[in-house]
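S.K.: Next comes the sequence, and after it the predicted model I'd like to discuss.
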Amino acid sequence: MADFTNLPINIQRVAKAELQDSEKICMCMLARSSLLRPDFVVITSLRVLVLDEKFMGSLAISYANIRCNVFFSEILAVKIARFLKHRLFGQARLEINVKRNSYWIDNMSLSEARRAHQHITEQIRR
């Protein structure tokens with residue numbers, strides 16, 4: 001688990017801007033995208049928010065990119081997928097299915113993926 005205050009400043013700023021006043025941050029974790037750049041997963045009381053940090057050319061100027069911003073009310077199903085590479089490294093892929101789309105949060109640690117899966121399924125049932 002990651003602590004929200006230890007996330008990069010750009011990620012914190014964008015995440016706070018997306019949150020509503022009544023929303024609380026429940027979990028923060030790191031995952032890896034296919035380009036080996038970290039994905040910052042923020043699970044709140046109302047939604048799943050996945051952000052990453054991009055760099056513009058050679059200027060070393062970074063900005064935060066929102067990869068996934070899904071309310072629990074939109075989620076149809078959530079599951080954990082583990083393929084050979086995930087099993088070798090003790091990781092998993094969290095798959096979030098919404099109408100007409102599917103979001104993958106890949107290469108999360110298995111324990112964090114299980115915690116996130118449990119929390120999201122509890123929120124969906126409410």
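M.R.: That came through fine.
S.K.: Can you tell me the centre-most residue of this structure?
M.R.: Val41 (2.6 Å; CA atoms, centre = their mean).
S.K.: Apart from its chain neighbours, what residue comes closest to that one?
M.R.: Excluding the flanking residues, the one nearest Val41 by CB to CB, 6 or more residues apart in numbering is Met29, at 4.8 Å. For every residue, glycine as well, the C-beta is placed using N, CA and C.
S.K.: same thing with Leu51?
M.R.: Phe40 (4.8 Å).
S.K.: strands paired with the helix or strand where the one you found lies, and their directions?
M.R.: Phe40 belongs to strand 38-44 when assigned by DSSP states H and E. With DSSP bridges as the test, strand 38-44 is paired with strand 25-32 (antiparallel), strand 47-56 (antiparallel).
S.K.: need the least confident one among those, by mean pLDDT.
M.R.: Mean pLDDT is lowest for strand 47-56 out of the strands paired with strand 38-44, coming in at a mean of 90.
S.K.: Contacts for the following helix or strand past that one, please.
M.R.: Following strand 47-56 in sequence order, the next helix or strand is strand 61-71 (DSSP H and E). Residues external to strand 61-71 that are found in contact with it (CB atoms under 8 Å, 6 or more residues apart in numbering): 8, 10-11, 13-14, 18, 33, 39, 46-56, 96, 98, 103, 105.
S.K.: Note down every partner strand of the helix or strand following strand 61-71 and its orientation.
M.R.: Counting by DSSP H and E, the next helix or strand C-terminal to strand 61-71 is strand 75-81. Sheet pairing for strand 75-81, assigned by DSSP bridges, gives strand 91-98 (antiparallel).
S.K.: before we move on, back to that, tell me how far the residue nearest to Val41 lies from Ile80.
M.R.: 14 Å (CB to CB, to the nearest Å).
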